[in-house]
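Participant: what shape does this take:
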Amino acid sequence: MTDPATLAERVREGDLRLHELEDHADHDTAVAARRLLVEESTDADLDTVGQYAFDAEVADSAIENMIGAAQIPMGIVGPVTVNGGAADGEYHLPLATTEGALLASVNRGLSVIESSGGADARVTKNGMTRAPVFRVSGVVEAAETVEWVREHTDRLREAAESTTSHGELLDVTPYVVGDSVYLRFRYDTKDAMGMNMATIATGEACDVVETETPASLVALSGNLCSDKKPAAVNAVEGRGRSVTADVVIPGDVVEARLHTTPGAIAEANTRKNLIGSAKAGSLGFNAHAANVVAAAFLATGQDAAQVVEGANTITTVEERDGDLYASVSLASLELGTVGGGTKLPTQSEALDVLGLRGGGDPAGSNADALAEIIATGALAGELSLLAALASRHLSSAHEELGR
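Facilitator: You can find the predicted model right below:
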């Protein structure tokens with residue numbers, strides 16, 4: 001069997017390239033060889049990076065040129081009752097982060113939500129998008145292309161769905177800008193986040209568009225999707241799961257547990273999250289929803305870059321007859337419980353904590369439940385931070401926890 005030192009030597013001699021090592025040895029040996037090469041060229045000690053608890057082959061579809069693993073502390077918050085369309089019961093939410101005080105803050109919010117009977121949550125829209133851009137000669141050909149697409153969506157659906165046994169094409173929305181035509185395909189990808197599924201399916205449909213219309217494909221993604229970038233189209237139309245969670249907290253609970261008043265929290269939300277965000281030109285009108293989204297994504301194996309769209313959250317708070325109503329609406333939460341990083345061991349175990357590993361019955365229900373639970377966590381984080389700001393306890397809380 002080839003050992004790491006021998007494999008590394010072959011790279012030094014130019015016999016092999018870094019990405020070819022798995023073709024000549026098992027995955028763990030290839031990883032160790034790369035680590036040796038990096039240590040030699042940088043004087044870094046990668047002993048801790050090389051200590052991971054899974055077979056490197058498991059990560060083959062998740063990363064290239066692997067040298068080890070980055071370990072992030074994972075904690076737990078809850079339990080909290082989620083009265084959702086898919087999530088129904090008490091849940092602990094695993095969160096992975098390096099931000100001290102985050103879990104303590106979220107846990108405080110969840111405790112208050114739990115003492116108020118739990119949160120209601122619903123996925124209100126679902127659809128992963130991919131939007132190719134086509135070239136035409138001008139507005140006449142653009143109109144011809146759009147008309148054909150609108151009249152032949154079934155043809156595009158047949159082509160797209162021929163590439164997948166799970167995905168369903170929901171609709172195709174055309175946009176025209178001069179001699180560019182964008183087609184925003186939207187799919188139900190069930191329990192998968194579905195970006196790759198949508199890309200492959202859209203590629204097949206694009207072949208039909210090119211054959212039947214004057215349009216020529218320029219790029220399979222024309223940024224009207226829009227993936228991993230702040231985009232108003234996602235904030236308005238949604239991408240992945242659009243999910244809302246809300247709760248009514250009795251006024252005496254607010255005062256006893258959050259040490260402030262419903263009116264003070266409502267004012268802080270209006271002046272900070274609504275007016276302040278509007279003045280800043282923000283697409284998200286919230287305090288720190290991305291904090292919980294990012295930590296939940298890292299823990300459960302989601303695509304961490306899509307926390308950008310997860311920040312498309314609007315937090316609303318109002319005083320109702322002395323009680324506090326609060327909600328978060330996440331327009332574009334892109335996640336899944338199958339595929340991608342959800343297959344990695346620690347991420348799979350985190351999904352097991354939630355009881356949501358793998359496909360749901362019916363299909364899509366596990367991903368819906370995960371979205372509802374994360375939204376509840378985000379709601380808890382908003383409540384806790386807004387209360388800390390309203391009571392002027394934010395800095396003292398960080399000092400107390402030594403963060």
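Participant: strands of the stretch 51-200 of the chain, start to end?
Facilitator: Read by DSSP state E, counting those that start in this stretch, the stretch 51-200 of the chain holds these strands, from start to end of the chain: 74-84, 88-96, 119-130, 133-135, 168-177, 180-188.
Participant: export only the CA atoms of the longest one, formatted as PDB.
Facilitator: Put plainly, it is strand 119-130. The C-alpha coordinates for strand 119-130 follow below in PDB (Å, rounded to 0.1, in the frame of the first residue of the first chain):
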ATOM      1  CA  ALA A 119     -44.000  29.400  18.400                       C
ATOM      2  CA  ASP A 120     -46.200  29.000  15.400                       C
ATOM      3  CA  ALA A 121     -44.300  28.500  12.100                       C
ATOM      4  CA  ARG A 122     -45.200  27.900   8.400                       C
ATOM      5  CA  VAL A 123     -43.400  27.500   5.100                       C
ATOM      6  CA  THR A 124     -45.400  29.800   2.900                       C
ATOM      7  CA  LYS A 125     -43.500  29.200  -0.400                       C
ATOM      8  CA  ASN A 126     -41.000  26.700  -1.800                       C
ATOM      9  CA  GLY A 127     -38.900  26.800  -4.900                       C
ATOM     10  CA  MET A 128     -35.300  26.600  -5.900                       C
ATOM     11  CA  THR A 129     -34.400  28.800  -8.900                       C
ATOM     12  CA  ARG A 130     -32.000  28.900 -11.700                       C
END
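Participant: what strands line up against it, and which way round?
Facilitator: Partner strands for strand 119-130, per DSSP bridges, with pairing direction: strand 74-84 (parallel), strand 180-188 (antiparallel), strand 240-249 (antiparallel).
Participant: next, the angle from that strand to strand 88-96.
Facilitator: Using axes from the mean of the first three to the mean of the last three Cα atoms, to 10 degrees, the direction of strand 119-130 lies 60 degrees away from that of strand 88-96.
Participant: buried stuff in strand 119-130?
Facilitator: Applying a neighbour-count criterion of 16 or more other Cβ atoms under 10 Å, the buried positions in strand 119-130 are 119-123, 126-130. (Glycine included, C-beta is placed from N, CA and C.)
Participant: again with the first one
Facilitator: Going by neighbour count (16+ other Cβ under 10 Å), the buried part of strand 74-84 is 74-75, 77-78, 80-84.
Participant: with distance to Ser61 added, can I get those in TSV?
Facilitator: TSV is the format used below for the buried residues of strand 74-84 (distance: Cβ to Cβ, whole Å):
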residue	distance to Ser61
Met74	22
Gly75	27
Val77	30
Gly78	31
Val80	33
Thr81	36
Val82	31
Asn83	36
Gly84	30
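Participant: least trustworthy position among these, going by pLDDT?
Facilitator: Lowest pLDDT of those: Gly78, 93.
Participant: is it true that that one touches Glu90?
Facilitator: Yes: when contacts are counted by Cβ atoms under 8 Å, Gly78 is listed as touching Glu90 (7.3 Å).
Participant: and Ser221, how close does it get to Met197?
Facilitator: Taking Cβ to Cβ, to the nearest Å as the criterion, Ser221 is separated from Met197 by 14 Å.
Participant: ok, now Pro4?
Facilitator: 36 Å.
Participant: same check, this time on Leu93
Facilitator: Leu93 is 26 Å from Met197, by Cβ to Cβ.
Participant: so if I had to pick from those two, which one is more boxed in?
Facilitator: Between Leu93 and Met197, counted using other Cβ atoms under 10 Å, the more crowded position is Leu93 (29 against 23).
Participant: got a list of what the more buried one touches?
Facilitator: Counting by Cβ atoms under 8 Å, 6 or more residues apart in numbering, Leu93 makes contact with 76-78, 80, 106, 110, 296, 354, 373-374, 376-377.
Participant: ok, Phe185 next?
Facilitator: Phe185 makes contact with 129-132, 156, 160, 169, 171-172, 198, 201-202, 205 under the criterion Cβ under 8 Å, 6+ apart.
Participant: of these, just the buried ones, ChimeraX syntax please.
Facilitator: A single ChimeraX command is used to select the members of these judged buried by 16+ other Cβ under 10 Å:
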select :129,130,131,132,156,160,169,172,198,201,202,205
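Participant: nearest to Ala32, of the contacts of Phe185?
Facilitator: Among the contacts of Phe185, Ala198 lies closest to Ala32 (Cβ to Cβ), at 36.3 Å.
Participant: OK, contacts around the closest one?
Facilitator: Listed by Cβ under 8 Å, 6+ apart, the contact set of Ala198 reads 128-130, 167, 185, 187, 189.
Participant: again, only using 6 Å
Facilitator: With Cβ atoms under 6 Å, 6 or more residues apart in numbering as the criterion, the residues that contact Ala198 are 128, 130, 187.
Participant: how about Arg257: what's its closest non-neighbour residue?
Facilitator: Spatially, and ignoring its direct neighbours in sequence, Arg257 is nearest to Val112 (5.0 Å; Cβ to Cβ, 6 or more residues apart in numbering).
Participant: what is the burial count for that neighbour?
Facilitator: The tally of other residues near Val112 (other Cβ under 10 Å) stands at 24.
Participant: go on, Val208?
Facilitator: The burial count for Val208: 17, using other Cβ under 10 Å.
Participant: give me the mean pLDDT for the host helix or strand of it.
Facilitator: Assignment of secondary structure by DSSP states H and E places Val208 within helix 195-212. Mean pLDDT, taken over the full extent of helix 195-212, equals 97.
Participant: may I have that helix exported as PDB, CA atoms only?
Facilitator: Coordinates of the C-alpha atoms in helix 195-212 are reproduced here as PDB (Å, rounded to 0.1, in the frame of the first residue of the first chain):
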ATOM      1  CA  MET A 195     -29.100  23.800  -6.500                       C
ATOM      2  CA  ASN A 196     -27.400  21.100  -8.500                       C
ATOM      3  CA  MET A 197     -30.700  19.500  -9.400                       C
ATOM      4  CA  ALA A 198     -32.000  22.800 -10.600                       C
ATOM      5  CA  THR A 199     -28.900  23.500 -12.600                       C
ATOM      6  CA  ILE A 200     -28.800  20.200 -14.400                       C
ATOM      7  CA  ALA A 201     -32.600  20.300 -15.200                       C
ATOM      8  CA  THR A 202     -32.400  23.800 -16.500                       C
ATOM      9  CA  GLY A 203     -29.500  22.900 -18.700                       C
ATOM     10  CA  GLU A 204     -31.700  20.300 -20.400                       C
ATOM     11  CA  ALA A 205     -34.600  22.800 -20.800                       C
ATOM     12  CA  CYS A 206     -32.200  25.400 -22.300                       C
ATOM     13  CA  ASP A 207     -31.400  23.000 -25.200                       C
ATOM     14  CA  VAL A 208     -35.100  23.100 -26.000                       C
ATOM     15  CA  VAL A 209     -35.300  26.900 -25.900                       C
ATOM     16  CA  GLU A 210     -32.300  27.200 -28.200                       C
ATOM     17  CA  THR A 211     -33.800  24.700 -30.700                       C
ATOM     18  CA  GLU A 212     -37.300  26.300 -30.800                       C
END
